[in-house]
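# My questions concern the predicted model and sequence given below.
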Amino acid sequence: MALSIDKYPEFKASLLALSRELVNHIKSSWKRDWAQYPPKIGFHYNFWDIKELPSYKTTIIELSKVPSINEKYSEDLLIKPVDAFLEIIINTLPNPLFVDKAFKYWWKQFLNFIDAKTVPIKLYIGLSNFDSDKAEYRLDNETKIFFYDKLSLAGALRNSIHVPLPNPFPSTGLPLHMIPGAIQVEFSCPADRNTLEYGKYSHECIDRMLLLVNALRLSTFGRLIVGPWIPICNPAFPVDGVRAISSPEDRERFNEPKFHLDGCSWLRFTRIYRHLKRLQEDDKNNLNDGSAIRRRFTSTISRFVDTFDKGYWESAVVDLVIIMESILTPDKRGGRMPLALAASNILGTNAEEAKEIFDNVSKMYNIRNSNVHGEPSTTETWEDCILEIAKIAGSTATNLDNGTREYAFEVMRDYARRSITAMLNLYYNVGKTPSDGLTSDLQRLHLDKELRKSILSKANCYHLSSRPKPP
């Protein structure tokens with residue numbers, strides 16, 4: 001049944017009067033062209049200005065008489081939806097003379113929100129240094145990953161919401177029109193106080209975002225840059241506004257290996273996503289079985305994600321080695337040889353790959369040892385070491401220019417990435433956990449063909465040839 005726009009006439013009349021009063025209040029001191037330089041909340045008017053307007057109290061009283069609104073907000077916070085309505089009116093008003101037309105448009109959306117039992121939530125998570133062989137990949141009915149190419153995240157937002165786009169980066173950061181991809185999640189929450197007054201939907205957005213971003217970063221080679229994340233409550237009438245949170249870094253990444261999503265990496269992503277979701281659900285359910293293993297995986301993945309922000313320094317390599325030690329040689333009696341042997345045996349799909357991994361993990365372990373024992377490399381020895389790692393991975397470069405440094409770092413991160421995903425697959429496919437027994441098996445895989453075949457098939461390891469060619 002169609003919703004009558006004449007519903008709640010007393011509230012509608014008082015809200016219209018309040019909208020006109022606010023526009024007149026701003027117009028009385030506005031010296032600039034309204035269409036070209038529209039006024040902004042917090043800069044040109046404030047919420048306490050609204051409270052001083054003649055129709056403010058009447059509007060709040062009339063709103064309090066609407067039964068469905070009392071399920072959404074407590075008496076003290078009835079100002080919240082009114083403020084949201086007025087902010088949208090001002091933000092979308094091209095000329096103060098059109099206030100009644102703007103009111104008529106937004107009143108329909110507001111009325112739908114007032115009587116709604118649930119509210120739709122739309123979450124965007126920006127993806128930079130990213131491309132894909134398809135414009136869209138669909139995970140389920142709620143989640144898609146888009147590669148916009150020429151459209152950009154800004155264009156996608158314009159097509160989705162009818163309010164001004166957020167400006168999260170006034171002086172630094174990557175603007176929305178330069179972000180070529182995004183994870184988009186759509187779900188619903190009850191239209192109650194937990195959602196609308198206490199922002200419970202934001203916590204749901206964070207949980208979903210971390211799960212998706214971590215699974216994506218673990219799925220393939222490349223330095224994926226994430227941000228901002230933009231949660232929108234009730235997109236047709238954004239009751240909490242549209243805010244972009246956590247900007248990506250402000251510089252373009254010409255030399256860093258791009259994250260490329262294709263059919264193979266998508267299959268890995270979906271598998272990893274299922275594993276991480278199960279980890280998350282088991283933690284929420286406080287299951288005692290496997291809690292120590294879950295903590296180990298959670299800590300390892302968190303440390304892996306942190307390396308994306310550490311730059312090209314020894315400390316990042318130390319973290320990558322700690323990650324691999326934590327899950328490949330967790331008995332605390334590791335060392336360079338046991339770690340390099342375990343990594344090369346489980347990650348190398350042939351003899352050539354195993355040799356590369358053994359040699360480079362050995363070098364990474366030497367970097368780790370020097371750093372943690374207070375003997376950091378000189379600039380010259382550090383750069384020589386990174387160049388050697390790149391050469392072992394197939395580079396013919398003679399210096400670290402043109403992306404060789406960045407490629408070498410991503411090669412090292414990829415060993416850690418593959419170690420995490422292999423162990424997640426073993427744990428969830430056949431119940432094998434990071435342990436002394438598994439470490440022993442990994443270190444003798446090259447001696448036991450049947451054991452090697454069994455473990456590698458369950459670990460779902462994939463060829464190093466899937467990574468891009470070195471510079």
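Arrived safely, thanks for sending.

# helices and strands around the lowest-mean-pLDDT helix or strand in the chain, which ones?
The weakest-scoring helix or strand in the chain, judged by mean pLDDT, DSSP states H and E, is helix 436-443 (a mean of 75). Helix 436-443 sits against helix 336-347, helix 449-459, with contacts defined as 3 or more C-beta pairs under 8 Å, 6 or more residues apart in numbering; DSSP states H and E. C-beta coordinates here come from the backbone N, C-alpha and C atoms, glycine included.

# Only the buried residues of it, if you could.
Under the neighbour-count criterion of 16 or more other C-beta atoms under 10 Å, helix 436-443 has 438-439, 441-443 buried.

# So which of the helices and strands packed on helix 436-443 is the most surrounded?
Among these, ranked by average contacts under mean count of other C-beta atoms under 10 Å, first place goes to helix 336-347 (a mean of 23).

# Quick check: pLDDT value at the residue of the chain most remote from its centre.
Most distant residue from the mean C-alpha position of the chain: P54, 44.2 Å away (C-alpha atoms, centre = their mean). pLDDT, P54: 95.

# Shouldn't it be within a strand?
No. Under DSSP: H, G, I helix; E, B strand; the rest coil, P54 falls outside any strand and is assigned coil.

# pretty sure it contacts L22?
No. Shown here, P54 and L22 do not form a contact pair, counting by C-beta atoms under 8 Å, at 10.8 Å.

# any idea where the strands of the stretch 351-471 of the chain begin and end?
Per DSSP state E, counting those that start in this stretch, the stretch 351-471 of the chain has no strands. Nothing in it meets that criterion.

# Any regions of it where pLDDT drops low?
Applying pLDDT under 70 to the stretch 351-471 of the chain flags the ranges 376-378, 436.

# Can you show me the helices along it?
Using DSSP state H, counting those that start in this stretch, the helices of the stretch 351-471 of the chain run over 351-372, 379-392, 404-430, 436-443, 449-459.

# what would those helices look like in CSV with distance to A84?
Below are these laid out as CSV (distance: least, C-beta to C-beta, whole Å):
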stretch, distance to A84
helix 351-372, 51
helix 379-392, 52
helix 404-430, 42
helix 436-443, 54
helix 449-459, 50
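
# pLDDT weak spots in the stretch 151-300 of the chain?
Within the stretch 151-300 of the chain, the segments meeting pLDDT under 70 span 165-173, 247-253.

# Please enumerate the strands of it.
181-190, 225-233, 259-261.

# looking at those strands, which is closest to V372?
Closest of the strands of the stretch 151-300 of the chain to V372 is strand 225-233, at 28.5 Å (criterion: C-beta to C-beta).

# List the contacts of the closest residue in space to I90 that isn't next to it in sequence.
Closest residue to I90 apart from its sequence neighbours, by C-beta to C-beta, 6 or more residues apart in numbering: P39 at 6.1 Å. Contacts for P39 (C-beta atoms under 8 Å, 6 or more residues apart in numbering) come out as 26, 30, 45, 90.

# Repeat that for A191.
71-72, 113, 116-119.

# Now intersect these with the strands, please.
118-119 (DSSP state E).

# Filter the contacts of A191 down to the buried ones and hand me the PyMOL line.
Restricted to buried positions by 16+ other C-beta under 10 Å, the PyMOL selection for the contacts of A191 reads:
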select buried, resi 72+113+116+119
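
# which among the contacts of A191 gets closest to S302?
Nearest to S302 among the contacts of A191, with distances taken as C-beta to C-beta, is V119, at 31.1 Å.

# pretty sure that closest one contacts P81?
No. Under the criterion of C-beta under 8 Å, V119 is not in contact with P81, lying 11.5 Å apart.

# what residues are shared contacts of the two?
The contact lists of V119 and P81 share 113, 239, where a contact means C-beta under 8 Å, 6+ apart.

# count of neighbours near the spatially closest residue to F237 that is not a sequence neighbour?
Spatial nearest neighbour of F237, excluding adjacent residues (C-beta to C-beta, 6+ apart): Q109 at 3.8 Å. Per other C-beta atoms under 10 Å, the neighbour tally for Q109 reads 17.

# SS state for Q109?
helix.

# Domain map for this structure?
As assigned by automatic domain parsing, the chain contains the domains 9-115, 118-233, 288-466.

# Out of those, which is closest to L261?
That would be domain 118-233 among the domains of the chain, by C-beta to C-beta, at 4.1 Å.

# Distance of G311 relative to M364?
16 Å (C-beta to C-beta, to the nearest Å).

# who's more crowded, those two?
More crowded of G311 and M364, by other C-beta under 10 Å: M364, with 25 against 9.

# And that one, how far from C385?
9 Å.

# Surely T298 and H275 touch.
No. Counting by C-beta under 8 Å, T298 does not reach H275; the two are 11.7 Å apart.

# what about those two, which has more around it?
The residue with more neighbours, out of T298 and H275, is H275; 19 against 15, by other C-beta under 10 Å.

# Next one: the residue nearest to D240 when sequence neighbours are not counted relative to P120, how far apart?
Using C-beta to C-beta, 6+ apart and skipping the chain neighbours, the partner closest in space to D240 is C233 (4.8 Å). Separation of C233 from P120 (C-beta to C-beta): 8 Å.
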